[in-house]
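[1] here is a sequence with its predicted model. Questions after.
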Amino acid sequence: MPVKKVEVVQDTKPEAAKLAKPEAAKVAKPEAKKASVSAADIETSKRLQAARASIFKHTGKKDVEVTKTSMPHVSSGSFLLDYLIGGVLAEDGKAPLCPGYPRRHLTEVYGAEASGKTTAALEAVAAVQQLPGGSAMYLDFEHSLTQKYARSIGVSFSPDKLLLFQPDTMEDGWKMFLVGLKAGVDIIVIDSVAAMTPRDELDKDLDKAAKVGAQASNLSSNLKKVISWLDNPKISSNPKGTAVVLINQTRAVINTNGPARGDNESTAGGKALKFYCFLRIKFTKIRGEFLKRKNPVTGKEQSYQYGNHTQAKIVKSKVDGTSGHTTDIFIRYGQGIDDYYSLLEAAVATKVVRRNGAINAYGTYQAPSKDKFRDILVKNPSLFEEIKQKTLAAIRADKGEPDQSENEIEDMMGTMFGDEDASDEDASEDTVGTAMESEIEAEDFTQADASDQESGAEG
């Protein structure tokens, strides 16, 4: 036994020494590498500091600060649209990234007629005017703003809250735009880009041919200045910055080379506007909501449309780099965006509110129709806020697990083999409202109403 103990001690000492050498070497190598990297970092830092000082000396421009907080923004007037634009949390986790139209940037809102573009812009103006010291500018190039409807939405026409002008030419509009920036308004709405006419086009004789690309050329040259104005504190006097919302119309693409493939719609003003815009949102009218009442002339009971569901789709976004996301908002005629009805439809789609036939239920609250459940939300602000938070949480959780692999494969195959019905726009139209759509009561909807819905009333 004693001999074995002596042998074990003698054999383990060399082994321990052998193991100690490589461990020491392993520790020494990273230290040497770290020292060399630090020296390189110090040298790089010195060069960058010298570069910053040189640029500031020659141009007066400081480098852009790194921020992880919420972006400066103005509310769109609809909490669902705000969440769609930038509802994800900022890097600091304290607030949403950009819940509304971003300041110091261009936002284009476009779509077909009567899809709710002007209504959405007026909602944003009304939301801005409710802020302490909030003000807005509205450039009505179309000369068609109805003040009664705007007041019903909540827009104030007080000279201290709104600058309202109707420019005749594009050049006059840009001058007014510049004055609005210097006045420090929070939002400028241009309604619409399609109605912005260059002075040369307006002054020429009717029998002269139109100049091709006159409007696009003017926009391309002036938008460069606009982008510079928005970020120049000497011109834009608002310390938070000014948000710019441009309403635009869709135009059919004329194709003389056979059947149209892909998206056959475009927007007025050329392609430059699409590149300069920080955010682009497309509005599409999905379906209408009807109620039955007697016709005062014939005495017969008829269905009347009192609002329509509109899909807002992010076409381009530099806020969080996402596009293709949609939300469904309800526009009630004569009142604007109905947040209560919009929340109900979203809550049903996310299964926060249960719907069985015409009955809507949440906890102990129950109503036999959508309008009656809406009345419950109007009378109970705390209930509205509770359902709102749960619905947004459900939407956020659903976006975390996207499953679009099959659709992407179908779109790719359609593009490769020239399928006319495989465009992105057609694919989105086929699925419009599947997540948010609620059933319209059968007794209130007939084939005649379906044709009325297609034509639609102005929203």
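    All right, it came through fine.

[2] surely residue 346 touches residue 395?
    Yes - the pair residue 346 / residue 395 is scored as a contact, 7.3 Å apart, by C-beta atoms under 8 Å. C-beta coordinates here come from the backbone N, C-alpha and C atoms, glycine included.

[3] compare the two (neighbour count), which wins?
    residue 346 (26 against 21; other C-beta atoms under 10 Å).

[4] how about the more buried one, secondary structure?
    For residue 346, the assignment made with DSSP: H, G, I helix; E, B strand; the rest coil gives helix.

[5] what ranges do the helices span in the stretch 301-450 of the chain?
    Applying DSSP state H, counting those that start in this stretch to the stretch 301-450 of the chain gives helices spanning 339-349, 370-379, 381-399, 405-416, 424-430, 447-455.

[6] tell me the buried residues in the longest one?
    Neighbour-count burial for helix 381-399, with 16 or more other C-beta atoms under 10 Å as criterion, is recorded at 384, 387, 388, 391, 392, 394, 395.

[7] wait, what's in contact with the fifth one?
    Listed by C-beta atoms under 8 Å, 6 or more residues apart in numbering, the contact partners of residue 392 are 79, 83, 87.

[8] dump those to JSON lines, plus neighbour count, pLDDT and secondary structure.
    Output for these, formatted as JSON lines (neighbours: other C-beta atoms under 10 Å; pLDDT from 0 to 100; DSSP: H, G, I helix; E, B strand; the rest coil):
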{"residue": "79", "neighbour count": "22", "pLDDT": "95", "secondary structure": "helix"}
{"residue": "83", "neighbour count": "22", "pLDDT": "95", "secondary structure": "helix"}
{"residue": "87", "neighbour count": "22", "pLDDT": "91", "secondary structure": "coil"}
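
[9] what's the closest of those to residue 103?
    residue 87 (17.2 Å; C-beta to C-beta).

[10] so what sits opposite the nearest residue in space to that closest one that is not next to it in sequence in the bridge?
    Counting by C-beta to C-beta, 6 or more residues apart in numbering, residue 96 is the residue found nearest to residue 87 once chain neighbours are left out, at 5.3 Å. In this entry, residue 96 is beta-bridged to residue 89, by DSSP bridges.

[11] check residue 96 and give its pLDDT.
    Confidence at residue 96, expressed as pLDDT, is 93.

[12] pretty sure it contacts residue 88?
    Yes - Residue 96 lies in contact with residue 88 (C-beta under 8 Å); the separation is 6.8 Å.

[13] so for those two, which sits in the more crowded spot?
    residue 96 (18 against 14).

[14] can you tell me the element residue 190 falls in?
    strand 187-191 (DSSP states H and E).

[15] could you say what helices and strands that strand packs with?
    helix 117-129, strand 136-140, helix 170-183, strand 243-252 (3 or more C-beta pairs under 8 Å, 6 or more residues apart in numbering; DSSP states H and E).

[16] so where's the chain uncertain?
    For the chain, the stretches flagged by pLDDT under 70 are 1-37, 256-262, 399-459.

[17] centre-most residue in it?
    Residue closest to the average C-alpha location in the chain (C-alpha atoms, centre = their mean): residue 85, at 3.5 Å.

[18] any idea which element it lies in?
    With DSSP H and E as the criterion, residue 85 is inside helix 79-86.

[19] ok, the helix or strand that that helix is followed by: who's next to it in the sheet?
    Later in the chain than helix 79-86, the nearest helix or strand by DSSP H and E is strand 101-102. Strand pairing for strand 101-102, determined by DSSP bridges: strand 73-74 (antiparallel).

[20] residues contacting the strand it pairs with, please?
    Taking C-beta under 8 Å, 6+ apart as the rule, strand 73-74 contacts 86, 98-103, 124, 127-128, 186-187, 243.

[21] please tell me how far residue 196 sits from residue 80.
    Distance check for residue 196 against residue 80: by C-beta to C-beta, to the nearest Å, it reads 30 Å.

[22] now do residue 386
    Distance from residue 386 to residue 80, by C-beta to C-beta: 16 Å.

[23] residue 265 now?
    24 Å.

[24] those two: who's more crowded?
    Set residue 265 next to residue 80 and count neighbours by other C-beta under 10 Å: residue 80 wins out with 25 against 15.

[25] contact partners for that one?
    By C-beta under 8 Å, 6+ apart, the neighbours of residue 80 are 327, 328, 329, 339, 342, 343, 346.

[26] any chance you could list what contacts the one helix or strand residue 108 maps to?
    Assigned by DSSP H and E, residue 108 belongs to strand 106-111. For strand 106-111, contacts defined as C-beta under 8 Å, 6+ apart pick out 101, 117, 120-121, 193, 223, 226-227, 230, 243-250, 267, 273-274, 276-285.

[27] again, but for stretch 211-222
    Here stretch 211-222 has contacts from 170, 174, 193, 196-198, 200-201, 268-273, using C-beta under 8 Å, 6+ apart.

[28] and with 7 Å instead?
    If you take C-beta atoms under 7 Å, 6 or more residues apart in numbering as the criterion, stretch 211-222 is touched by 170, 174, 196, 198, 200, 201, 269, 270, 272, 273.

[29] next one: stretch 194-203
    141-142, 169-171, 173, 210-211, 214-215, 218, 248-249, 268.

[30] filter those residues down to the buried ones and hand me the ChimeraX line.
    Buried residues among these (16+ other C-beta under 10 Å), as a ChimeraX selection:
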select :141,169,170,171,173,214,215,218,248,249,268
